[in-house]
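Engineer: sequence plus the predicted model coming up.
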Amino acid sequence: EVQLVESGGGLVKPGGSLRLSCAASGFTFSTYSMNWVRQAPGKGLEWVSSISSSSTYIYYADSVKGRFTISRDNAKNSLYLQMNSLRAEDTAVYYCARLSVTTSHDAFDIWGQGTMVTVSS
Amino acid sequence: DIQMTQSPSSLSASVGDRVTITCRASQSISSYLNWYQQKPGKAPKLLIYAASSLQSGVPSRFSGSGSGTDFTLTISSLQPEDFTTYYCQQSYSTPRTFGQGTKLEIK
């Protein structure tokens, strides 16, 4: 079964750090670009960051640039998001999502169940 | 950044109805448009990619159309499990951006 499982969420104080992980199974992880997408409570979806299959291309939303770092370990079939200098507005469910590419079009075709990050004093 | 605007934000309908949700991009995105369904407390699920291609396993009552700046998601005959929230998303450029969502409610 194709699956993504996030972990590492929790309660952290403003200015603190947290590292999220996403374990992939059921597909050849090393051939897919991967992404983090977040959703604040009661709000819509916001793309956060993406990383290409071999980590060559990395992109961030302006809202997290300079504070978050995406990485992956293809030997461990794992995706990571290091989050530093956390703010209250980073409070959200964080999803990892696989990027599927079909004839030059791409879409987030597989999603994890999400992990909740709460930034509060 | 490309802004995606969905309308309406909420919609009331009945089982068996045909409904259409609209998504408008702030600039032309050709057919680089995807639709997702999200149920409460669950991750989004891909329904339509490349504006009109049905994702594997998605019921044929869902269809998408459009190109350029204007797109639609149509559900031909609403089923009870379809009453939830839908999002469009552009895949034309980075940052990938989503519409604000359309909540489909039972009338």
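Structural biologist: Sure, I can see it. Numbering: from 1, shown residues only, chains lettered A, B, ... in the order given.
Engineer: could you say which helix or strand contains the closest residue to residue A:37 other than its chain neighbours?
Structural biologist: Take residue A:37 and drop its neighbours on the chain: the residue closest to it by CB to CB, 6 or more residues apart in numbering or on different chains is residue A:95, 4.8 Å away. Every residue, glycine included, has its C-beta placed from N, CA and C. Using DSSP states H and E, residue A:95 falls within strand A:92-102.
Engineer: ok, residues contacting that strand?
Structural biologist: A:4, A:6, A:9, A:20, A:22, A:24, A:27, A:32-41, A:43, A:46, A:48, A:50, A:79, A:81, A:106-117, B:43-44, B:49-50, B:53 (CB atoms under 8 Å, 6 or more residues apart in numbering or on different chains).
Engineer: counting neighbours, what do you get for residue A:46?
Structural biologist: 18 (other CB atoms under 10 Å in any protein chain shown).
Engineer: how about the residue positioned nearest the centre of chain B, what does it touch?
Structural biologist: Nearest to the mean C-alpha position of chain B, by CA atoms, centre = their mean, lies residue B:35 at 3.9 Å. Going by CB under 8 Å, 6+ apart, residue B:35 touches B:23, B:46, B:47, B:48, B:62, B:64, B:73, B:86, B:87, B:88, B:89.
Engineer: which parts of chain A sit against chain B?
Structural biologist: A:35, A:37, A:44-47, A:50, A:59, A:61-62, A:95, A:100, A:102-103, A:105-109, A:111-114 (CB under 8 Å from any CB of the partner chain).
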